[in-house]
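Enquirer: Predicted model and sequence below, questions to follow.
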Amino acid sequence: MSLIDYFATHIVPRMYRGKGALHPCETGRLTDVVSCVREYDVNIFLLRKGKATIAIDAGYKGHPGLVPGCEAVGIKPESVEALFLTHADPDHAGGLDVRQENRFSHAQVYLGEIEENYLTNTYHRKQIGPFGLKNSVTIADGYRLLADGEEVQVGEFTVQALLVPGHTLGHLCYLVDGTMLFTGDAIALNKDGGWCFFGMFNYDSDLNRRSLEALRRRIDLNGVEYVFTSHNGYTDDAKKAFSHIEVLPDLNAKGFLFDETAPYDCFAE
């Protein structure tokens, strides 16, 4: 197991147990178009409209709940024709790792052109003193790179890639049909609104805050019906989702509880 995989699956659960930081949606149907599969602390989003089925992110490497979760919402992983990665972290891209069976075997994979640098280990995922943590995910050739603002048409879906660096330097959010915004690990959401994602996980939290402010100016929030986060559920109030993006929650503060309704430990399944 790589150092970053160990960090994600062993250290993070201990650090954030009881902090209310992680509150993904349970596996199920969220809207007429969007369903999700929960894997520990993260959601894979599955979208179906007409004959088209697309996914946002691929979850953890080898998670046993992927296929049953997809079946529970009436979607087979092999029916997904396009899969859009928000970034290359192991809890988002691990499901595509070449050292396991690829359940999304018929999907064209899309990734931000800057984010590819983590797959090639040109960029370190995190710098800890003199040590650079490398990304642990290797995905098969054939993925397509997306530039900031680029649009992809998949059946009746129009998916726009929006560069929001900070969590990683090539992190993408996706605006689907102009009405559904998938923010990956850019925003942390609770009952009071959206906040800058937690600092421990970010490459550069100040950059993440600036990127979110730029994103708020860039898109028409009046037209956005839903904002989906990867670790903290979703909201139908787009403006509220951006209400505290300049603030970085301090999970290390004594007694701090980000979301009082969150599971004590998302990894205790």
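Expert: That came in fine, so what should we check first? Numbering: from 1, shown residues only.
Enquirer: and residue 68, how many neighbours does it have?
Expert: Each residue near residue 68 was counted by other C-beta atoms under 10 Å, and the total is 10. C-beta here means a position set from N, CA and C on the backbone, and glycine is covered the same way.
Enquirer: what packs against the longest helix along the chain?
Expert: Of all segments of type helix in the chain, defined using DSSP state H, the longest is helix 205-218. Counting contacts by 3 or more C-beta pairs under 8 Å, 6 or more residues apart in numbering; DSSP states H and E, helix 205-218 packs against strand 157-163, strand 193-196.
Enquirer: The stretch 51-200 of the chain: helices as residue ranges?
Expert: Counting by DSSP state H, counting those that start in this stretch, the segments of the stretch 51-200 of the chain that form helices are 66-72, 90-93, 116-119.
Enquirer: show me the contacts for residue 241.
Expert: Contact analysis of residue 241 by C-beta atoms under 8 Å, 6 or more residues apart in numbering lists 181, 183, 187, 189, 193-194, 227, 235.
Enquirer: Show me just the buried residues among those residues.
Expert: Among these, those classed as buried by 16 or more other C-beta atoms under 10 Å are 181, 183, 187, 189, 193-194, 227, 235.
Enquirer: circling back to that earlier point, send the alpha carbons of the longest helix of the chain over as PDB?
Expert: Output in PDB follows, covering the C-alpha atoms of helix 205-218 (Å, rounded to 0.1, in the frame of the first residue of the first chain):
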ATOM      1  CA  SER A 205      -6.100  26.500   0.700                       C
ATOM      2  CA  ASP A 206      -5.600  30.200  -0.100                       C
ATOM      3  CA  LEU A 207      -5.700  29.300  -3.800                       C
ATOM      4  CA  ASN A 208      -8.800  27.300  -3.200                       C
ATOM      5  CA  ARG A 209     -10.600  30.300  -1.700                       C
ATOM      6  CA  ARG A 210      -9.600  32.600  -4.500                       C
ATOM      7  CA  SER A 211     -10.700  29.900  -7.100                       C
ATOM      8  CA  LEU A 212     -14.100  29.600  -5.400                       C
ATOM      9  CA  GLU A 213     -14.600  33.400  -5.500                       C
ATOM     10  CA  ALA A 214     -13.700  33.400  -9.200                       C
ATOM     11  CA  LEU A 215     -16.100  30.500  -9.800                       C
ATOM     12  CA  ARG A 216     -18.900  32.400  -8.100                       C
ATOM     13  CA  ARG A 217     -18.300  35.300 -10.400                       C
ATOM     14  CA  ARG A 218     -18.000  33.100 -13.400                       C
END
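Enquirer: roughly how far out does it sit from the chain middle?
Expert: Relative to its chain's centre, helix 205-218 lies at 16 Å (C-alpha atoms, centre = their mean, to the nearest Å).
Enquirer: Any chance you could list what contacts that helix?
Expert: In contact with helix 205-218 (C-beta under 8 Å, 6+ apart) are residues 162-167, 173, 186-187, 196-197, 199, 202, 242, 245-246, 248.
Enquirer: Swap in 7 Å and give it another go.
Expert: 162, 164-167, 173, 186-187, 196-197, 199, 202, 242, 245-246, 248 (C-beta atoms under 7 Å, 6 or more residues apart in numbering).
Enquirer: quick revisit: which two of the contacts of residue 241 lie the greatest distance from each other?
Expert: For the contacts of residue 241, the maximum inter-member distance is 14.4 Å, found between 181 and 193 (C-beta to C-beta).
Enquirer: List the buried residues for the longest helix of the chain?
Expert: Result for helix 205-218 [16+ other C-beta under 10 Å]: buried residues 205, 207-212, 215-216.
Enquirer: What spatial separation is found between the residue nearest in space to the middle of the chain and residue 139?
Expert: Nearest to the mean C-alpha position of the chain, counting by C-alpha atoms, centre = their mean, stands residue 184 at 3.0 Å. Separation of residue 184 from residue 139 (C-beta to C-beta, to the nearest Å): 17 Å.
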